[in-house]
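> I'll drop the sequence and a predicted model, then ask my questions.
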Amino acid sequence: MRPVVPLISLALVASCGPQVHVRLYPDGTPYEQVSREDGHLHGPMVAHYPDGIVRRSGSYLHGLLDGEWTFYWPDGSRRSQQVYQEGVRHGRFTEWFESGNEHFSGEWVDGDRHGIWLHYNPDGSPYAQVEWNRGTRVLLEHL
């Protein structure tokens, strides 16, 4: 079980426009920085591991995930990358093993898996190909 880490939250308030909120680990190192506008998360955000390496980055649009989001392993290598449109997964998705080899990838369309998704073994060799039609699996082929 992971220990609960208390975070300190600061708001850097400007006279108008977005407010930047920074949450800190107890030792004062940055955990997360995100902007708010009109009470909603809005604009770029970045979160860090305690050692300062980026944990995830992306942006919000009026409180919804929007645009490209990237998640990272503790060593700083990419863990996954995906695209959102107003809070809904839509576009290319790729996930990697901690080794850096691709784990699987495919496309989201309006929140549903769609098209061919490729899956790989940890050594990088192909494992399976899955065909999706708007969230319904129509074919699984082991390679």
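Received it, and whenever you're ready, just let me know what you need.
> which stretches of the chain aren't confidently modelled?
1-17 (pLDDT under 70).
> What residue spans form the domains of the chain?
1-65, 69-143 (automatic domain parsing).
> buried stuff in the strand or helix carrying H119?
Assessed by DSSP states H and E, H119 sits inside strand 112-120. Across strand 112-120, burial judged by 16 or more other C-beta atoms under 10 Å covers R113, H114, W117, L118, H119, Y120. Heads up, the C-betas are built off the backbone N, CA and C, glycines and all.
> now stretch 70-89
For stretch 70-89, by 16+ other C-beta under 10 Å, it's 70-73, 79-85, 88-89.
> Can you measure across that stretch, start residue to end residue?
End-to-end distance of stretch 70-89 (C-alpha to C-alpha, to the nearest Å): 13 Å.
> residues making contact with it?
49, 51, 53-58, 61, 64-69, 90-96, 98, 100, 108, 110-111 (C-beta atoms under 8 Å, 6 or more residues apart in numbering).
> Apply 6 Å and report the result again.
For stretch 70-89, the external contacting residues (C-beta atoms under 6 Å, 6 or more residues apart in numbering) are 49, 53-57, 64-66, 68-69, 91, 93-96, 98, 100, 108, 111.
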